[in-house]
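1. Let me see the structure of the following:
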Amino acid sequence: MSNQPVPSLKDADLTLKVEKEDANDRIEAAQRRILQLRLQLGGKLGTGEIGPPLCFVFEGWDASGKGGAIKRLVASMDPRHVRVVQIAAPTPDELRHHWLQRFWPELPGWGGVAVLDRSWYGRVLVERVEGLATAEQWRRAYTDILDYERTLVDEGMVFGKFWMHISQDEQLRRFQAREKSDLKQWKLTDEDWRNREKHREYTIAVEEMLARTSWDGGMWNVVPGEQKRYARVTVLETAIAVIENGMRQHGMEPLEPLDVD
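-> Just a heads-up that it's a prediction; the model follows:
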């Protein structure tokens, strides 16, 4: 599958932290760099050449910090130049088609960027665990997904895939905090509580997903998210590496970072 080590939840060090001032400085620097690279990909900086399409995929435990990380990833970009897509359950009409069909319209073209909050990996996660797909369907989905991503990468797409990881204790703390907040109660659903009861089944599904769908063109990045600051810094700095590596693979040298006094 890949020359890189297979990612696993067991390898994520949930004790990792970063001090607030250091995190703020690193996030600010990363956002500035991401904006510069985004403008170069779009032909607005540098030679005017259009860069490869860029797709960031976010999966993770409920309340693991996907939204906060995505918010900071796109914060410096003009909202007209990036698409953030929240993937929900398929509609009755979408269920009439091949299960991957509904994702095609959300993908970016050359010079474009899309960020997916949930994705086609739901087939081997929630649909598997909750019995929404048959065993034959979700087992076949690993091949479907690899073929799908390889097709996109062969046409130039660059992938950054993130699994946001937290402990059950931290998830419970965040659930309880949401319950008490008038402005965040909407984020917590009965389904979130039910999913906690199937943590073992979901862990098995996640580990198999990481092992079977990590490949040279689409490696998973498991992000320790026990401390939100650390997770956000990690996502942004990893995203920069993904963008720069992808540009170089397509013969496009990233601009030198801007000097800031």
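2. Now do the contacts for Gly225.
-> Leu14, Gly60, Ser64, Gly65, Met164, His165, Ile166, Glu170, Ala231 (C-beta atoms under 8 Å, 6 or more residues apart in numbering). Quick note: C-beta positions are derived from backbone N, CA and C, even for glycine.
3. Sketch out the low-pLDDT regions of the stretch 1-150 of the chain for me.
-> 1-2 (pLDDT under 70).
4. for it, what spans make up the helices?
-> Along the stretch 1-150 of the chain, counting by DSSP state H, counting those that start in this stretch, helices occupy 20-41, 66-74, 126-129, 135-154.
5. For the last one, buried residues please.
-> For helix 135-154, a neighbour-count test (16 or more other C-beta atoms under 10 Å) marks Trp138, Ala141, Tyr142, Asp144, Ile145, Leu146, Tyr148, Glu149, Leu152, Val153 as buried.
6. Could you measure from the last one over to Ala63?
-> Taken as C-beta to C-beta, to the nearest Å, the spacing of Val153 relative to Ala63 amounts to 31 Å.
7. Could I get the contacting residues of the nearest residue to Trp120 once chain neighbours are set aside?
-> In space, not counting the residues next to it along the chain, Trp120 is nearest to Phe103; the distance is 5.4 Å by C-beta to C-beta, 6 or more residues apart in numbering. Contacts for Phe103 were tallied using C-beta under 8 Å, 6+ apart; they are Ile87, Ser119, Trp120.
8. those strands in the stretch 51-200 of the chain, which residues are they?
-> Assigned strands in the stretch 51-200 of the chain, in chain order: 54-60, 83-86, 113-117, 158-165 (criterion: DSSP state E, counting those that start in this stretch).
9. Compare those and give me the one nearest Ala241.
-> strand 158-165 (8.7 Å; C-beta to C-beta).
10. how about that closest one as PDB, C-alpha atoms only?
-> Provided in PDB are the C-alpha atoms of strand 158-165 (Å, rounded to 0.1, in the frame of the first residue of the first chain):
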ATOM      1  CA  VAL A 158      -3.600  16.200  -4.000                       C
ATOM      2  CA  PHE A 159      -5.100  14.700  -0.800                       C
ATOM      3  CA  GLY A 160      -4.600  15.500   2.800                       C
ATOM      4  CA  LYS A 161      -6.500  13.100   5.100                       C
ATOM      5  CA  PHE A 162      -6.900  13.700   8.800                       C
ATOM      6  CA  TRP A 163      -8.300  11.500  11.600                       C
ATOM      7  CA  MET A 164      -9.000  13.600  14.700                       C
ATOM      8  CA  HIS A 165      -8.300  11.400  17.700                       C
END
